[in-house]
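Visitor: show me the folded form of this:
(one chain, ligands or ions: 1)
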Amino acid sequence: MIKAQIPQLKALLSLPKNIVIVPHRNPDGDAMGSTLALYHYLKLYNHNAVVIAPNDYPDFLKWLPGDDTVLKFETAPDESSTLINNADLIFTLDFNAFHRAGHQMAEVLEPSKAIKVMIDHHQQPDDYAEYMYSDVSMSSTCEMVYNVIEMLGDDDKINATIATCLYVGIMTDTGSFRFPATTSRTHQVIGNLIEKGAENSQIHNNIYDTNSYSRLQLLGRAMQNLKVIPDLRTAYITLSQAELDEFNFKKGDTEGFVNYALSLKDIIFAAIFIESQQDQIIKISLRSKGEFSVNEFSRAYFNGGGHTNAAGGRSEDDMQTTINKFISILPQYKNDLTQ
Ligand SMILES: [Mn+2]
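Guide: Residues are numbered from 1 along each chain as shown. Here you go, the predicted structure:
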């Protein structure tokens, strides 16, 4: 779709507008990188733009340029709602269904009369956006925002600030340029971003070399809890609330843990189950290699979804019940997991 609509979008953006930019709940590097990159881009045209995140995000993203301008719906619902109600345009980035912004924020977004623009690479998008750029083959929403700016004829407007934000999202969503959605085009975009001033080595350092001692200890516990089901090529990790508390858990601390399970030789399906006393649920992250779709698996059994090889989910049962359910489902997929 989007190419045909670009002139229309360009016309829309030619005069200053009230614009709200929204990432998904529990924003990650791609969500914050893409929304802040777009924010800095729109500011060049004197739009009254603001990023409203549904809730807070990990500290390792808090150095991003523009972080201090981000509103959080959860802690500023009235101010956020007013901005959403007064918006001419709402960009929803790195998600494709209002409920992914959380139920409270979804209730404000849904009835909004603003023109919606979706830029996203998750599967099965909802149909709410007048301008919809949805492509599941893309490495990241940040790569797509780069494409949009380029299609608008503004690649020369990408400065070091915008480049830095976009670099973060492409790097984090591709596991530092190694996941299968990483294409030669992705590397070309990354090359251009470095030319525009993204400090690649420093950015990597800012995001990944921020471990606290307690996070590494928590990782140690997670690895002790790692279980393997070799004949179904599956591995999973559990972390209880008590274990999180023991190691001083902070938001973002378990980011990437599931990838260790997936890095086991011959394992193609990995899961991590993390108890959240506050939400009264078990949070689930699923990863796979190859054809096995964790998006479909999560949609079918764990109230979630995402991509073919990376998805989230949740369970309202306790940990043991959730694990038992998980293990009991697996044999149905024996063919897919062992082919
Ligand atoms: Mn993404």
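Visitor: and residue 241, how many neighbours does it have?
Guide: 15 (other CB atoms under 10 Å). For the C-beta atoms, the positions are set from N, CA and C on the backbone; glycine is no exception.
Visitor: and the one 10 residues further on, by the same measure?
Guide: Residue 251: 13 surrounding residues under other CB under 10 Å.
Visitor: residue contacts, the residue lying closest to it once chain neighbours are set aside?
Guide: In this structure, residue 251 finds its nearest non-sequential neighbour in residue 58, 5.2 Å apart by CB to CB, 6 or more residues apart in numbering. Contacts here follow CB atoms under 8 Å, 6 or more residues apart in numbering; on that basis residue 58 touches 250, 251, 252, 255.
Visitor: up against the ion, what does the stretch 1-150 of the chain have?
Guide: Residues of the stretch 1-150 of the chain found near the ion, taking CB under 5 Å from the ion as the criterion, are 30, 94, 140, 141.
Visitor: next one: the stretch 151-300 of the chain
Guide: Counting by CB under 5 Å from the ion, the residues of the stretch 151-300 of the chain close to the ion are residue 173.
Visitor: could you redo the last one with a cut-off of 8 Å?
Guide: Taking CB under 8 Å from the ion as the criterion, the neighbours of the ion within the stretch 151-300 of the chain are 169, 173.
Visitor: now the strands for the stretch 151-300 of the chain?
Guide: Remark: strands assigned in the stretch 151-300 of the chain by DSSP state E, counting those that start in this stretch are 227-229, 234-239, 269-276, 281-288.
Visitor: partner strands of the third one, with direction?
Guide: Strand pairing for strand 269-276, determined by DSSP bridges: strand 234-239 (parallel), strand 281-288 (antiparallel).
Visitor: need the residues that contact it.
Guide: Applying CB under 8 Å, 6+ apart, the contact partners of strand 269-276 are 222, 232-241, 244, 254, 257-259, 261-262, 264, 282-289, 292, 294, 315, 319, 322-323, 326, 337.
Visitor: compare the strands of the stretch 151-300 of the chain and give me the one nearest residue 175.
Guide: Nearest to residue 175, of all those, is strand 281-288, at 10.0 Å by CB to CB.
Visitor: chain center to that closest one, what's the gap?
Guide: The chain centre lies 14 Å from the centre of strand 281-288; the measure is CA atoms, centre = their mean, to the nearest Å.
Visitor: phi, psi of residue 21?
Guide: phi -120, psi 130 (degrees, to the nearest 10).
Visitor: what's near enough to touch residue 246?
Guide: Counting by CB under 8 Å, 6+ apart, residue 246 touches residue 221.
Visitor: name the member of the residues of the stretch 1-150 of the chain next to the ion that has the highest neighbour count.
Guide: Within those, neighbour counts (other CB under 10 Å) peak at residue 141, which reaches 31 neighbours.
Visitor: that residue contacts residue 93, doesn't it?
Guide: Yes - using CB atoms under 8 Å, residue 141 makes contact with residue 93 at a distance of 5.3 Å.
Visitor: mutual contacts of the two, please.
Guide: Contacts common to residue 141 and residue 93, judged by CB under 8 Å, 6+ apart, are 31, 34, 119, 120.
Visitor: which one of the residues you listed is nearest to residue 81?
Guide: The closest of those to residue 81 turns out to be residue 31 (CB to CB; 20.3 Å).
Visitor: tell me, how many neighbours does residue 68 end up with?
Guide: Neighbours of residue 68 under the rule other CB under 10 Å: 7.
Visitor: closest point of the protein to the ion, which residue?
Guide: Closest to the ion within the chain is residue 30: 3.4 Å, counting by CB to the ion.
Visitor: can I get the residues of the stretch 1-150 of the chain next to the ion in a markdown table with pLDDT and secondary structure?
Guide: Conversion of those to a markdown table gives the following (pLDDT from 0 to 100; DSSP: H, G, I helix; E, B strand; the rest coil):
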| residue | pLDDT | secondary structure |
| --- | --- | --- |
| 30 | 98 | helix |
| 94 | 98 | coil |
| 140 | 98 | coil |
| 141 | 98 | helix |
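Visitor: which two among those residues are spaced furthest apart?
Guide: Maximum pairwise distance in these, criterion CB to CB, is 8.1 Å, between 94 and 140.
Visitor: overlap in contacts, the two.
Guide: Taking CB under 8 Å, 6+ apart as the contact rule, residue 94 and residue 140 both touch 30, 34, 121, 169.
Visitor: many thanks, I have nothing further to ask.
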